[in-house]
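# the following comprises the amino acid sequence and a computationally predicted model.
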Amino acid sequence: MTLRITGTQDHALLALVARETAEILDRRGGYLGRTAFQKIVYLLQVRGVPMRYRFDIHFYGPYCDEISRDIEWLVADGVLADHSPHERYSNYVAADNADELIAAHPNLAPHTRTVGEIVTALLPLEPDRLELMATLHFAYRQLKASGRGTPSRDAVRSRLRALKGEKFQEAQIEDAIDRLSTIGILD
């Protein structure tokens, strides 16, 4: 393998996410699009997977420009491929050079299980649902950083409403909070 552009641990993490997600989605159906990629990586960071990516709140929740750029570089290097038949959508999968890049970063191996747990908890990988879950955590993190201890569900819902208005129904919010709690992302 001769990677021209990529090769960092963060690049290997993106390749690992694509590979592990594809294995799960092959059994359950679905695809790994741009929004799903962003939200999976965000929640992996929350779970303690080491990376240098930094997220800001964006229209669809937490977003990192560098991930989008790195994904394009990984496609150019043959680490990822986009198998979507439509230009407006993406379906990222691990390509020929993915396993070699992942193997070059053995310190990521312990995080393979975490990737599987996060992807399974997020299934189905629907953009609105992923936006809700990641934005809920972002709101939770903002409240917790204020120094007032662990925020209540009501406080998190209020902060979410400040960020997203009435976009999500209460039942959707409760389900997302429960799922995030189940995978250890909310206290």
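That came through fine.
# next, count neighbours for Arg141.
17 (other Cβ atoms under 10 Å). Using the backbone N, CA and C atoms, a C-beta is placed for each residue, glycine as well.
# what do you get for the one 10 residues further on?
Pro151 is flanked by 21 other residues according to other Cβ under 10 Å.
# nearest spatial neighbour of it, skipping sequence neighbours?
Residue nearest to Pro151 in three dimensions, not counting chain neighbours: Leu143, with 3.8 Å by Cβ to Cβ, 6 or more residues apart in numbering.
# how far away from the center of its chain is the helix or strand hosting the one you found?
Taking DSSP states H and E as the definition, Leu143 sits inside helix 127-145. Centroid separation for helix 127-145 versus its chain: 12 Å, with Cα atoms, centre = their mean, to the nearest Å.
# please identify the buried residues of the next helix-or-strand element following it?
Next along the chain after helix 127-145, taking DSSP H and E as the criterion, comes helix 153-164. By neighbour count on 16 or more other Cβ atoms under 10 Å, the buried set for helix 153-164 is Ala155, Val156, Arg157, Arg159, Leu160, Lys164.
# check stretch 112-126 too.
Thr114, Val115, Glu117, Ile118, Val119, Leu122, Leu125.
# figure out the helix or strand that the fourth one lives in.
Right, Ile118. helix 112-122.
# tell me the angle that helix makes with helix 127-145.
Here helix 112-122 runs at an angle of 110 degrees relative to helix 127-145 (axes from the mean of the first three to the mean of the last three Cα atoms, to 10 degrees).
# if I look at the residue nearest in space to the middle of the chain, how far off is Ala155?
The residue lying closest to the centre of the chain (Cα atoms, centre = their mean) is Ile40, at 1.4 Å. Using Cβ to Cβ, to the nearest Å, Ile40 is found at 26 Å from Ala155.
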